[in-house]
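J.: what would the 3D arrangement of this be:
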Amino acid sequence: METKSTILEWVAMVYGPFDHLQMYEIYEGVLYDGRYFFHIEDGCLWMRHVRRLEHPEHTHLFVDGDSGGLQLAEGIQRDLMEVVSETIDQLRSMDGMTFFA
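T.: The predicted structure follows:
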């Protein structure tokens, strides 16, 4: 069985607007496969679908792709890059029903 190598890169994601039209938050996190953004917020590991901001000066800036996000884990106190790499490896090794269990 051939395994796909996990290529991760540090990027930033802009999320918003919130209650005010000019109110946004910027998160630092890890990008996988050019469209999946992982970040830790209050000890929780989140994954969001994102899209690249098409701007020549901001090559590592993404915006939320209206995914709403998916919380994958709680109580994370380790390095984000390490946690994301292990999480992706675990997700690859399971089928959809095992994921929901």
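J.: for the longest helix seen in the chain, output the C-alpha coordinates as CSV.
T.: Longest helix in the chain by number of residues (criterion: DSSP state H): helix 80-92. C-alpha atoms of helix 80-92 as CSV (Å, rounded to 0.1, in the frame of the first residue of the first chain):
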residue,chain,number,x,y,z
LEU,A,80,0.6,22.2,16.6
MET,A,81,2.6,20.8,13.7
GLU,A,82,3.2,17.5,15.5
VAL,A,83,-0.4,17.2,16.5
VAL,A,84,-1.7,17.9,13.0
SER,A,85,0.7,15.4,11.4
GLU,A,86,-0.4,12.6,13.8
THR,A,87,-4.1,13.5,13.4
ILE,A,88,-3.8,13.3,9.6
ASP,A,89,-2.1,10.0,9.8
GLN,A,90,-4.8,8.6,12.1
LEU,A,91,-7.6,9.9,9.9
ARG,A,92,-6.1,8.3,6.8
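J.: convert the helix or strand following it to PDB, retaining C-alpha atoms only.
T.: Following helix 80-92 in sequence order, the next helix or strand is helix 96-100 (DSSP states H and E). Included here for helix 96-100 are C-alpha records, laid out as PDB according to Å, rounded to 0.1, in the frame of the first residue of the first chain:
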ATOM      1  CA  GLY A  96     -15.800   7.000   7.800                       C
ATOM      2  CA  MET A  97     -17.800   4.900  10.300                       C
ATOM      3  CA  THR A  98     -14.800   4.500  12.600                       C
ATOM      4  CA  PHE A  99     -14.400   8.300  12.500                       C
ATOM      5  CA  PHE A 100     -18.000   8.800  13.800                       C
END
